[in-house]
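1. sharing a sequence plus its predicted fold:
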Amino acid sequence: MTLPLRIGTRRSKLALAQSGMMQRAIAAALGVPDDEVETAVPLVEIVTTGDRIQDRRLLELGGKALFTKEIEEALLDGRVDIAVHSMKDVPAEQPDGLCIAAIPEREDARDAFVSRDVAAFQDLPMGARLGTASLRRQAQALALRPDLKIEMLRGNIDTRLRRAAEGDFDAILLAVSGMRRLGVDAAIRQTLSPDAFLPAPGQGALAIQTRVADVDAAWAAALNHAPSALAVAAERGAMTALEGSCRTAVGAHARLADGVLHLTAEMLSPDGSARWRRVGQIAAGEDLASAEALAAARELGLRLGAEIHAAAGDQEVDPATLPG
Ligand SMILES: NCc1[nH]cc(CCC(=O)O)c1CC(=O)O
């Protein structure tokens with residue numbers, strides 16, 4: 001692929017921070033001098049339907065895809081060449097013609113506990129108000145503390161932090177990774193154990209999306225981090241088998257240690273009273289970046305996800321149990 005390489009990005013602070021990081025990484029991989037980065041690898045801001053819609057119902061109808069639709073159209077039209085997404089927000093299936101070309105080294109996958117007055121999750125007083133929009137975080141919190149009152153908390157990270165600082169909630173839960181990328185991780189009171197708060201599939205990872213024709217570009221190989229890509233493949237395998245969406249409480253976390261890929265995956269009932277968890281591992285193989293290694297990781301995820309699905313049955317979510 002020839003220069004310029006244009007990166008399509010949403011305008012949110014987190015999207016701009018993540019796209020900016022990848023802009024610098026791609027420029028470095030291609031040997032672009034510092035003063036030419038903005039022209040060789042420019043950022044192109046795109047407003048998505050998801051950014052425009054304020055109405056919660058419409059957002060629920062459209063789901064995650066509303067935040068990516070316009071960027072994917074720009075990729076397919078050739079107006080931009082690259083898009084950077086939070087992997088957690090990328091649906092299981094890619095649209096025709098597009099693919100994930102690289103997964104860079106992942107940030108911390110864990111959740112953070114943020115509160116004005118309370119130092120740690122276990123110190124929350126009886127009946128405390130916990131703000132989150134995530135069914136997974138709701139269920140995992142209630143599994144430990146059924147007395148908590150879960151309240152809907154939407155908006156970007158800054159908005160959520162402001163509301164926590166103003167005492168609208170006793171505490172909120174956010175991804176460590178997003179807070180670090182925005183430089184607001186000083187607000188983290190406690191990093192939650194990934195066992196109790198098993199992270200969302202792909203949390204902390206980025207997805208570099210391109211046209212299928214550009215999948216073998218030199219920058220893609222330079223950006224990809226094979227251990228992160230393997231872990232994400234396993235987690236997304238589980239997500240796919242569980243039809244993970246914002247309407248199911250699903251966690252999946254994989255890590256590579258001494259050549260072995262370990263995966264934990266789980267589904268919970270929205271009130272946290274039921275929990276189906278499976279752990280499994282495979283030898284990661286000689287070449288971590290090979291198609292075979294990725295396929296084996298995904299298979300591990302699909303298998304554990306299918307086992308969980310079989311044990312749990314269909315957990316159709318009653319809207320009355322959603323945060324709010
Ligand atoms: N759904 C919102 C979202 N999507 C990606 C991140 C940042 C975390 C990441 O890199 O996975 C966040 C915010 C959050 O969950 O706190």
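-> Sure, I can see it.
2. identify the residue spatially nearest to residue 236, adjacent ones excluded.
-> Spatial nearest neighbour of residue 236, excluding adjacent residues (Cβ to Cβ, 6 or more residues apart in numbering): residue 201 at 5.4 Å. All C-beta atoms are positioned from the backbone trio N, CA, C, and that covers glycine.
3. next, give phi and psi for the most centrally placed residue in the chain.
-> In the chain, the residue lying closest to the centroid (Cα atoms, centre = their mean) is residue 88, at 2.0 Å. Backbone torsions for residue 88, taken as degrees, to the nearest 10, come to phi -60, psi -30.
4. now for it: which residues touch it?
-> By Cβ atoms under 8 Å, 6 or more residues apart in numbering, the contact set of residue 88 is 175, 200-205.
5. can you count the residues close to the spatially closest residue to residue 166 that is not a sequence neighbour?
-> Spatial nearest neighbour of residue 166, chain neighbours left out: residue 116 (7.8 Å); criterion: Cβ to Cβ, 6+ apart. When neighbours are defined as other Cβ atoms under 10 Å, residue 116 has 15 of them.
6. still on that earlier bit, the residue nearest to the centre of the chain and the ligand, how far apart?
-> 4 Å (Cβ to the nearest ligand atom, to the nearest Å).
7. now do the same for that residue: its pLDDT.
-> Residue 88 is assigned 94 on the pLDDT scale.
8. for the residue nearest to residue 236, helix, strand, or coil?
-> coil (DSSP: H, G, I helix; E, B strand; the rest coil).
9. count of neighbours near it?
-> Count around residue 201 with other Cβ under 10 Å applied: 31.
10. ok, it - contacts?
-> Contacts of residue 201 by Cβ under 8 Å, 6+ apart are 87-88, 232, 235-236, 238-239, 244, 250-252.
11. at 10 Å instead, please
-> Applying Cβ atoms under 10 Å, 6 or more residues apart in numbering, we find residue 201 in contact with 87-88, 90, 92, 109, 136, 231-232, 234-240, 242, 244, 250-254, 265, 301, 305.
12. near the ligand, which residues of this structure are found?
-> By Cβ under 6 Å from any ligand atom, the residues of the chain that approach the ligand are 86, 88-89, 174-175, 177-178, 203-204.
13. of the residues you listed, which pair is most distant in space?
-> Greatest spatial distance in the residues of the chain next to the ligand: 89 and 174, 14.3 Å, computed using Cβ to Cβ.
14. with neighbour numbers in mind, choose between those two.
-> Neighbour count, other Cβ under 10 Å: between residue 89 and residue 174, residue 174 has more, with 25 against 16.
15. local confidence estimate at that one?
-> Reported pLDDT for residue 174: 98.
16. tell me how many other residues crowd the closest residue to it other than its chain neighbours.
-> Excluding its sequence neighbours, the residue lying closest to residue 174 (Cβ to Cβ, 6+ apart) is residue 112, at 5.2 Å. Residue 112 sits with 22 neighbouring residues when counted by other Cβ under 10 Å.
17. circling back to that earlier point, residues contacting the residue nearest to residue 166?
-> Applying Cβ under 10 Å, 6+ apart, one finds that residue 116 lies in contact with 164-172, 187, 189.
18. phi and psi next, for the residue in the stretch 201-324 of the chain that the ligand sits nearest to.
-> Residue of the stretch 201-324 of the chain nearest the ligand, by Cβ to the nearest ligand atom: residue 203 (4.1 Å). Per-residue torsions, residue 203: phi -60, psi 140 (degrees, to the nearest 10).
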